[in-house]
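[1] Any chance you could fold what I've pasted below:
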Amino acid sequence: MNSMTDLTSGAAFQDQFGRQKRKLRISITDRCNFKCVYCMPEHPEWMKKHNLLSFEALYQFCEFMVRQGIEQIRITGGEPLMRQGAVHFIEQLQALKKIGLKRIAMTTNGHFLKKDAAALQQAGLDDLNISLDSLDETQFLQLTQRALSPVLDGIFAAKQAGFQIKINTVLIKGINDDQIIPLVRWAKIHQFEQRFIEFMPLDGDQKWSQSNVVSEQDVLTVLNSQFDVQIQHGQGSNPARRYIVDGMPIGIISTISNSFCADCDRLRLNAQGEFYNCLFAQNGLNLKDEIQQLTHDPLAAFVLQDKLRTYIWHKEQGFHAIQNQQRHSRKISMYMIGG
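    Below you'll find the predicted structure:
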């Protein structure tokens with residue numbers, strides 16, 4: 001695509017607060033086989049399959065964004081492994097490492113990893129984050145409406161395939177906050193990096209309340225009761241504040257109590273071409289037509305560049321700057337945008 005090579009390579013998009021954008025999250029499907037209470041509504045309205053961007057169009061967009069300074073791409077969902085062709089897409093993205101892409105990652109619920117982990121490793125996936133909200137079978141079923149055992153099988157299949165694994169746990173007060181100690185001990189045994197995530201107002205049925213949040217300080221209080229806990233400085237743009245717990249790294253993503261927005265370097269595209277400059281953005285930018293034109297219109301890349309530059313520049317300062325906006329004016333939940 002000659003028009004792309006004319007664009008300035010490595011000149012990262014930047015917002016009004018000087019934050020350069022180096023990470024792109026692409027949701028390749030909104031569909032998921034789980035119904036996690038912090039994400040999925042009871043009755044989801046799935047995107048129509050014919051409205052989804054093709055993998056060809058998604059690849060062209062990724063190439064365009066890498067030429068604009070994106071260094072890391074994370075594939076998300078819904079559950080990304082529910083979309084046929086996801087593993088092949090990971091393999092295709094390897095070509096972008098020649099022009100500046102450094103890492104390709106995926107976030108998954110783990111259910112399909114027993115089948116797909118080896119293929120993902122062979123396709124060149126660099127990083128794998130797996131959601132696991134409880135080690136208790138009854139509690140896990142309550143949280144996800146799915147059985148725990150296939151997820152554990154998937155996690156160990158991924159370990160056997162050679163992945164360094166991060167475990168993501170969303171904590172909800174009174175539901176699974178008793179899992180902090182068991183998960184840390186389990187992660188330590190198996191050499192996984194455990195990460196705890198504060199419950200965010202992105203649940204499908206919009207029942208979130210501040211009273212449901214298990215804060216970073218709550219987690220640290222529990223950890224300090226059982227372990228030696230030391231903070232690891234130098235978080236940078238990493239969303240997780242890192243700690244060393246009895247010699248093992250863990251992370252806490254504290255969007256509500258101690259957000260990382262000041263250094264945010266992330267951008268997001270959903271499966272039907274809606275672009276978001278922030279996880280909590282009230283409005284996205286519909287780029288489906290422009291993305292589809294990248295394959296055949298020499299001028300499409302320049303039009304896309306201009307639209308994105310303006311939209312990204314106006315990114316809000318962060319979660320706390322927009323939390324007082326009327327939440328119900330936005331009907332976008334986690335499963336639609338990929339977290």
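[2] Only the buried residues of the longest helix along the chain, if you could.
    Of all segments of type helix in the chain, defined using DSSP state H, the longest is helix 300-313. With burial defined by 16 or more other C-beta atoms under 10 Å, the residues of helix 300-313 counted as buried are 300-301, 304-305, 308, 311-312. The way it works is simple: take the backbone N, C-alpha and C, and place the C-beta from them, glycine included.
[3] Pipe the residues you listed into JSON lines and attach distance to Phe140 and pLDDT per row.
    Converted to JSON lines, the buried residues of helix 300-313 look like this (distance: C-beta to C-beta, whole Å; pLDDT from 0 to 100):
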{"residue": "Ala300", "distance to Phe140": "45", "pLDDT": "94"}
{"residue": "Ala301", "distance to Phe140": "45", "pLDDT": "95"}
{"residue": "Leu304", "distance to Phe140": "42", "pLDDT": "97"}
{"residue": "Gln305", "distance to Phe140": "44", "pLDDT": "96"}
{"residue": "Leu308", "distance to Phe140": "39", "pLDDT": "97"}
{"residue": "Tyr311", "distance to Phe140": "39", "pLDDT": "96"}
{"residue": "Ile312", "distance to Phe140": "38", "pLDDT": "96"}
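[4] Let's have those in TSV, adding distance to Cys39.
    Rendered in TSV, the data for the buried residues of helix 300-313 read as follows (distance: C-beta to C-beta, whole Å):
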residue	distance to Cys39
Ala300	33
Ala301	34
Leu304	30
Gln305	32
Leu308	27
Tyr311	25
Ile312	25
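[5] Please identify which of those is nearest to Thr107.
    Out of the buried residues of helix 300-313, the one with the shortest distance to Thr107 is Ile312. That distance is 22.2 Å, counting by C-beta to C-beta.
[6] Around the closest residue to the closest one other than its chain neighbours, count how many other residues there are.
    On the basis of C-beta to C-beta, 6 or more residues apart in numbering, the spatially nearest residue to Ile312 that is not a chain neighbour turns out to be Phe13, at 4.6 Å. Applying other C-beta atoms under 10 Å, we find 22 residues neighbouring Phe13.
[7] next one: Pro182
    Counted with other C-beta under 10 Å, residues neighbouring Pro182 total 12.
[8] Wait, it touches Leu135, no?
    Yes: here Pro182 lies in contact with Leu135, judged by C-beta atoms under 8 Å, at a distance of 5.3 Å.
[9] which residues does Met106 bridge with?
    When assigned by DSSP bridges, Met106 has beta-bridge partners Ile75, Leu128.
[10] tell me which strands and helices the longest helix of the chain is in contact with?
    Contact here means 3 or more C-beta pairs under 8 Å, 6 or more residues apart in numbering; DSSP states H and E; on that basis helix 300-313 packs against helix 2-5, helix 55-66, strand 285-286, helix 288-293.
[11] dump the residue contacts of the residue nearest to Ile312.
    Residues touching Phe13, when contacts are defined by C-beta atoms under 8 Å, 6 or more residues apart in numbering, comprise 20-21, 68-69, 267, 308-309, 312.
[12] so what pLDDT did it get?
    The model reports Phe13 with a pLDDT of 96.
[13] which non-adjacent residue is nearest Gly124?
    Computed as C-beta to C-beta, 6+ apart, the closest residue to Gly124 that is not its neighbour in sequence is Gln94, at 4.6 Å.
[14] Report pLDDT for that neighbour.
    You'll see Gln94 listed with a pLDDT of 98.
[15] next one: Cys39
    85.
[16] host element of it?
    Taking DSSP states H and E as the criterion, Cys39 maps to no regular element, lying outside all helices and strands.
[17] isn't it right next to Leu202, touching?
    Yes: the pair formed by Cys39 and Leu202 meets the contact definition of C-beta under 8 Å, at 7.0 Å.
[18] circling back to that earlier point, so the residue nearest to Gly124 sits in a helix?
    Yes: inclusion of Gln94 in a helix is indicated when DSSP: H, G, I helix; E, B strand; the rest coil is applied.
[19] quick one: contacts for it?
    Going by C-beta under 8 Å, 6+ apart, the list of residues near Gln94 reads 104, 123-124.
[20] change it to 10 Å
    When contacts are counted by C-beta atoms under 10 Å, 6 or more residues apart in numbering, Gln94 is found next to 101, 104, 123-126.
[21] Now that we have the residues you listed, which of them are buried?
    Buried members of the contacts of Gln94, scored by 16+ other C-beta under 10 Å, are 101, 104, 123, 125-126.
[22] Done for today, thanks.
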